[in-house]
Structures are given as structure tokens and as C-alpha cells.
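Build me a structure from this.
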Amino acid sequence: MNTKSTAPFVEEVDTRFLESLLGYNARRTALVLIEPFLERMAVYDLRPVDFSVLSLITHNPGITSRQLCSTLGILAPNLVGMVKSLEKRGLILRQPHPHDGRAMGLHVTASGKKMMREAEQTAFALDSEVAARLTPNERTTLLKLLKKIYL
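Numbering: from 1, shown residues only. Below you'll find the model as predicted:
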């Protein structure tokens, strides 16, 4: 009795179809970025979304929760706990909004500013390492094209 299989054997994996998809390429790129980002931000006890929120507050003193949700595509209930946590850590504080009595403006504290300076330098260094394969023009073009998709 012959037990040899007639099933095909793959010598080299054909990924052409997957590589033609934006989502596949975006996900593969995200995987290259996210693991080292998580490792480096662990020093600051920041997840990617915490980093984004804190960066926006740092660069936009007085930003409201509504503006944060809109800018980052975050649901308000998900932001509430994050803001409370950052406030509890002494990184941000809430102050009444000067034009909207119902809103609170979010502001980074001195310790929050210091930490974000370091965290943003860390993020920039990682970005530079990953982008080292690209020329400055390619990096600029890539950023422009990525923004064209999500903005």
C-alpha cells in the first residue's frame, strides 16, 4: 500500500494577495511599532492611548474631554476612567473652561510635563529607529499618505 501523499507542498509562501491589502500592511507595520512602544512606555506606565491623551493635553492646555474623544476617536465612557487615572497620578488637573460653564478644561501638571517630555523623546527615538529604513522624503510621504486615509 502506497502512503505517499499527493497533497501539494509549499516551498515558498505566496503572500502577494495579502501584501496588496492596506489593512494587512498597516497591521504588519503596527506590530513592528507597538511591541517596542509598549516596552518603552512601560517605564512611564503609559499605554498607547494614555500617551496620546496626555500628549494632546500637554500640547493643548485646556482641551476638553469632548475634544479629546473627537480627535482620537475614543468613546466618552472610555475616556472618563483614563482621565481620572491620569488625574489621580498627579499628571493632569481639571479647571473650569473659560467659555463653557458646563465643560472642564484639562491641563498637564508640572510633573506631567516633565514625564511627557521624556516619554515623547522616547517615542520620537523609537519612531526614528523604525523610520531609519526610509529616506526623509519617504517618511514625509508615508505620513502624508497615512493621514490621507484616516483624516
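
quick one: Pro98 and Gly105 touch, right?
Yes: using CB atoms under 8 Å, Pro98 makes contact with Gly105 at a distance of 7.5 Å. For the C-beta atoms, the positions are set from N, CA and C on the backbone; glycine is no exception.

overlap in contacts of the two?
With contacts taken as CB atoms under 8 Å, 6 or more residues apart in numbering, the residues that reach both Pro98 and Gly105 are Gly62.

what sits against the residue most central in space within the chain?
In the chain, the C-alpha closest to the average C-alpha coordinate belongs to Pro48, at a distance of 4.7 Å (CA atoms, centre = their mean). Under the criterion of CB under 8 Å, 6+ apart, the contact partners of Pro48 comprise Ile34, Phe37, Leu38, Met41.

Just the buried ones out of those residues, please.
Neighbour counting over those (16 or more other CB atoms under 10 Å) leaves Phe37, Met41 as the buried ones.

who's more crowded, Pro98 and Gly105?
Neighbours per residue, other CB atoms under 10 Å: of Pro98 and Gly105, the larger number sits with Gly105, 20 against 9.

That one: helix or strand, and which one exactly?
Mapping Gly105 onto the secondary structure by DSSP states H and E places it in strand 104-108.

average pLDDT for the helix or strand just after that strand?
Using DSSP H and E, the helix or strand that follows strand 104-108 in sequence is helix 110-131. Across helix 110-131, pLDDT averages out at 96.

do the same with stretch 50-59
For stretch 50-59, the mean confidence score works out to 97.
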